[in-house]
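Asks: everything below, folded, please.
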Amino acid sequence: MLVIRLKRIGKKNDPSFRVIVTEKSRGPKSGNYLEKVGFYNPQNDTIELNKERIEHWISNGAQPSDTVHNLLISEGIIKGKKINVLPQKSPVVKEEEEVKEESKEADETSSEETEESSEGTPEESTDEPEEVKEEVKEESGEVDEAPSEDTLEESTDEVEEVKEEAPEETEEKEDSEEEETEKTDEE
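Replies: Numbering: from 1, shown residues only. As a prediction, this is how the structure comes out:
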């Protein structure tokens, strides 16, 4: 497939372009092009295009690149709308707006949860099987039942035992340190 594209020439920081006809698979800087059909210098807006040859290549199936297409329209060689060659920019969003949006989303989800809980218990309002309800509770971090008093007492007893054991261990360490210092003094 033939393409009419720009080939950059010129020095560093001094761009100028040739308008060439080449195969699409060839790179623009390869030097292998079929014909030079124009010249474009963006610094002083000099545009020289060979209108007859460009029309010839377009009639033979050559497709102009987006930038060349816009150049041809501005020179009046072809008719149509210009193509936006710049990338689409996403709107700039400030951090404050992002925080506000997040808080709005959180408010909406919490209001939805309160509406569901005010309608009745989840077991009455939904016809979901128990397995699904358990999965939802696990994901949300809910617990089916509160811990019984017996389990609370057992856990507090265990904590107290650990606290009682800790001072004994420190006393044993202190005794062993004193014995070591006495041995070193005797030597």
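
Asks: can you tell me the SS state at residue 53?
Replies: Counting by DSSP: H, G, I helix; E, B strand; the rest coil, the backbone at residue 53 sits in helix.

Asks: counting neighbours, what do you get for it?
Replies: 16 (other Cβ atoms under 10 Å). The way it works is simple: take the backbone N, C-alpha and C, and place the C-beta from them, glycine included.

Asks: tell me the confidence at the closest residue to it other than its chain neighbours?
Replies: Excluding its sequence neighbours, the residue lying closest to residue 53 (Cβ to Cβ, 6 or more residues apart in numbering) is residue 37, at 4.7 Å. With respect to pLDDT, residue 37 scores 95.

Asks: wait, isn't residue 37 in contact with residue 50?
Replies: Yes - using Cβ atoms under 8 Å, residue 37 is in contact with residue 50, at 4.8 Å.

Asks: neighbour count: the two, which is higher?
Replies: Taking other Cβ under 10 Å, residue 37 and residue 50 do not tie; residue 37 has more neighbours (23 against 16).

Asks: who's in contact with that one?
Replies: 4, 19, 20, 21, 49, 50, 53, 54, 57 (Cβ atoms under 8 Å, 6 or more residues apart in numbering).

Asks: send the alpha carbons of the helix or strand containing it over as PDB?
Replies: Assigned by DSSP states H and E, residue 37 belongs to strand 35-41. Output in PDB follows, covering the C-alpha atoms of strand 35-41 (Å, rounded to 0.1, in the frame of the first residue of the first chain):
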ATOM      1  CA  GLU A  35       9.000  10.100  -5.400                       C
ATOM      2  CA  LYS A  36       9.400  13.400  -3.600                       C
ATOM      3  CA  VAL A  37       6.200  15.400  -4.200                       C
ATOM      4  CA  GLY A  38       6.800  18.400  -1.900                       C
ATOM      5  CA  PHE A  39       8.500  20.200   0.900                       C
ATOM      6  CA  TYR A  40       7.300  21.600   4.300                       C
ATOM      7  CA  ASN A  41       9.200  23.900   6.700                       C
END
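
Asks: buried set for it?
Replies: Of the residues in strand 35-41, 37, 38, 39, 40 count as buried by neighbour count, 16 or more other Cβ atoms under 10 Å.

Asks: now do stretch 17-26
Replies: Within stretch 17-26, the residues that count as buried by 16+ other Cβ under 10 Å are 17, 18, 19, 20, 21, 22.

Asks: was I right about the fourth one contacting residue 39?
Replies: Spelled out, it's residue 20. No - Residue 20 is beyond contact range of residue 39, at 10.1 Å (criterion: Cβ under 8 Å).

Asks: how near is residue 39 to residue 14?
Replies: 14 Å (Cβ to Cβ, to the nearest Å).

Asks: likewise for residue 90?
Replies: According to Cβ to Cβ, residue 90 and residue 14 sit 33 Å apart.
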